[in-house]
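> my questions are about this predicted structure, shown below with the sequence.
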Amino acid sequence: MSGEGGEAGASEPHCSIGAQTYDAGTPKPLDPCRSCQPDRSRTDWSHVPTPGCFQAVSASSYHTCGILNGAAYCWGGGGTGQLGNDSTADSVVPVLVKGMESGVTSIVARGTNSCAVKNGAAYCWGGNAAGQLGSGSAPQALVPALVQGMSSGVTDITLGLQYACAVKDGTAYCWGRDTSGSLGLGPPSTDPPNIPRPVLGLSSNVSAIAAYEIRTYVIAGGAVYGWGDNNAGALGDGTTTNRDHAVALSGLSSGVTAISPGAEHACAIVNGNVYCWGYNGDGRLGDGTTTDHLLPTLIPNFAGVSAIGAGARSTCGVRGGAAYCWGNNSSGAVGLGDMIVVPAPQAIESLASGVTAITVGDSYACAAAFGAGSCWGLNFSGRMGSAVDNSPVPVNIELE
């Protein structure tokens, strides 16, 4: 490999990280956002950040957000300030979220809002019609606002329809609009909280939280619990009864490492296998059928999955570093180049390796592969990070 001063000499043949050694220029086994580069202060090569590298991405309806080298960026529709750059203008390229230049470990985009975790503190921005910012009654925030009581200990955050939830010190909290019990606080109140309140029965061991529209799920002690709207059996408890408090999902009592809800369905990773449940009229559950399932159902022949993303009408996953998608494809959101319904996981040709993160929004999806971001499907307001109209195959997110 050539560095700034030419090719590596005999004294600089590789990059050593702990007990592992990588050839100079090998970027990926250790960290997709770090690569071997010459370090002028040393006699060997060191793993340094790769500029413009995506570590996470979150798709929504009108906008998208991601983490690039520890900084938060958003793009697409900005009408309520959800891009976080002190503006309400749309942007077809990622813009830096004000005050989020480093230390960002989690980010989510949903509807008219975005939220992130920075150095253990929770921040939200965008609209605040139902108190979903968690910082009081201000009408909106064009830049990140600290969520009340969430200045430390926060490890995960999510957004639903005008509400938000977070994990702080192992406890789940929710705030904002309470529809069909989506906050998990018991019977919905006519005066829902505009600051965080602890979810009933989830005061410890919560490691992850995820919401979509008016349903919420957590992983606690390796098991999945859910609450809120249960249309089409989307909660996965074997019924279609709405729940205003956390209930355990049958068959998901241990080994769960990821959970992702979509519209009227959800999927989880259990010991590398994927289970999905809920509405399946368009094949979004990935089991090869179009039959709804009230209980978690295994996707056959799809083991070794490391990431999962469910969206409005389709689902995607990462297996062996490759991206797979399935479900409704009327807008090209499955990324295969056509618009045919796909009832089981199919590999995306241009994302056959190096994929570390994947997300599905409303009729589009995005991924990070070898640190580069790409999106596909229906593009409006610039939410795919590109000036293209629409694309049934991945196109690169444009960085200024």
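Okay, I see it. This is a predicted model, so every value here is computed, not measured.
> use CA for all of it now, contacts and neighbours both
Noted.
> so what's the residue count around the residue nearest to residue 118 when sequence neighbours are not counted?
The shortest distance from residue 118 to any non-neighbouring residue, by CA to CA, 6 or more residues apart in numbering, is to residue 104 (4.2 Å). By other CA atoms under 10 Å, 21 other residues sit near residue 104.
> swap in residue 190?
Neighbours of residue 190 (other CA under 10 Å): 9.
> also residue 148?
Counted by other CA under 10 Å, the residues lying close to residue 148 total 16.
> hang on, the earlier thing: how close does the residue nearest to residue 118 sit to residue 359?
18 Å (CA to CA, to the nearest Å).
> packing partners of the helix or strand where residue 267 lies?
Element membership for residue 267, per DSSP states H and E: strand 265-270. In terms of contacts (3 or more CA pairs under 8 Å, 6 or more residues apart in numbering; DSSP states H and E), strand 265-270 is packed against strand 256-262, strand 273-278, strand 305-310.
> swap the cut-off to 7 Å and go again
strand 256-262, strand 273-278 (3 or more CA pairs under 7 Å, 6 or more residues apart in numbering; DSSP states H and E).
> and the ones you listed, which is most packed in?
With neighbours defined as mean count of other CA atoms under 10 Å, the helices and strands packed on strand 265-270 peak in mean count at strand 273-278, which reaches a mean of 27.
> check which element follows that one along the chain.
Sequence-wise, the next helix or strand downstream of strand 273-278 (DSSP H and E) is strand 293-298.
> tell me the gap between that following strand and the middle of its chain.
What separates the centre of strand 293-298 from the centre of its chain is 22 Å, taken as CA atoms, centre = their mean, to the nearest Å.
> give the partner strands of it in its sheet and their orientations.
Using DSSP bridges, strand 293-298 pairs in its sheet with strand 273-278 (antiparallel).
> tell me the angle the strand it pairs with makes with strand 305-310.
Here strand 273-278 runs at an angle of 10 degrees relative to strand 305-310 (axes from the mean of the first three to the mean of the last three CA atoms, to 10 degrees).
> who touches strand 273-278?
With CA atoms under 7 Å, 6 or more residues apart in numbering as the test, strand 273-278 has contacts from 232-234, 236, 264-269, 285, 292-299, 302-305.
> rerun at 6 Å
Residues outside strand 273-278 that contact it (CA atoms under 6 Å, 6 or more residues apart in numbering): 232-234, 236, 264-268, 285, 292-299, 303.
> tell me the average confidence for it?
Mean pLDDT, strand 273-278: 98.
> okay, that strand in CSV with CA atoms only?
The C-alpha coordinates for strand 273-278 follow below in CSV (Å, rounded to 0.1, in the frame of the first residue of the first chain):
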residue,chain,number,x,y,z
ASN,A,273,-31.6,-17.1,13.5
VAL,A,274,-34.4,-14.7,12.4
TYR,A,275,-38.0,-14.9,13.7
CYS,A,276,-40.7,-12.7,12.4
TRP,A,277,-44.4,-12.2,13.2
GLY,A,278,-47.5,-10.2,12.3
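> now do that strand against strand 265-270, angle only.
Angle of strand 273-278 versus strand 265-270, following the same axes, to 10 degrees, is 160 degrees.
> strand 273-278 to strand 256-262, inter-axis angle?
30 degrees.
> point to the residue nearest the middle of this structure.
Ranked by distance to the mean C-alpha position of the chain (CA atoms, centre = their mean), the top residue is residue 58 at 4.2 Å.
> show the backbone phi and psi for that one.
phi -140, psi 120 (degrees, to the nearest 10).
> quick one: it and residue 65 touch, right?
Yes. Here residue 58 reaches residue 65: they are 5.3 Å apart, a contact under CA atoms under 6 Å.
> shared neighbours of these two, anything?
Here residue 58 and residue 65 share the contacting residues residue 109, scored by CA under 6 Å, 6+ apart.
> if we can go back for a sec, can you lay out the helices and strands packed on strand 265-270 as JSON lines showing distance to residue 111?
Putting the helices and strands packed on strand 265-270 into JSON lines (distance: least, CA to CA, whole Å) gives the following:
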{"stretch": "strand 256-262", "distance to residue 111": "13"}
{"stretch": "strand 273-278", "distance to residue 111": "22"}
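> which of these sits closest to residue 313?
Checking the helices and strands packed on strand 265-270 against residue 313 by CA to CA gives strand 256-262 as the closest, at 7.2 Å.
> what helices or strands is that closest one leaning on?
Contacts defined by 3 or more CA pairs under 6 Å, 6 or more residues apart in numbering; DSSP states H and E place strand 256-262 against strand 265-270, strand 305-310.
> which residues does the first one contact?
By CA under 6 Å, 6+ apart, the residues outside strand 265-270 that reach it are 234, 255-260, 274-279.
> distance between that strand and the chain's centre?
Mean C-alpha position of strand 265-270 versus that of the full chain (CA atoms, centre = their mean) differs by 13 Å.
> try the last one
Here strand 305-310 shows a centroid-to-chain-centroid distance of 9 Å under the convention CA atoms, centre = their mean.
> same question, stretch 203-212
The chain centroid and the centroid of stretch 203-212 are separated by 14 Å under CA atoms, centre = their mean.
> list the buried residues for that stretch?
203, 206, 207, 208, 209, 210, 211, 212 (16 or more other CA atoms under 10 Å).
> next one: residue 248 from residue 171, what distance?
Per CA to CA, residue 248 is found 16 Å from residue 171.
> between these two, who's got more neighbours?
Remark: of residue 248 and residue 171, residue 171 carries more neighbours, 21 against 17, as counted by other CA under 10 Å.
> wouldn't the more buried one be in contact with residue 203 here?
Yes. Taking CA under 6 Å as the definition, residue 171 is a contact partner of residue 203 at 4.4 Å.
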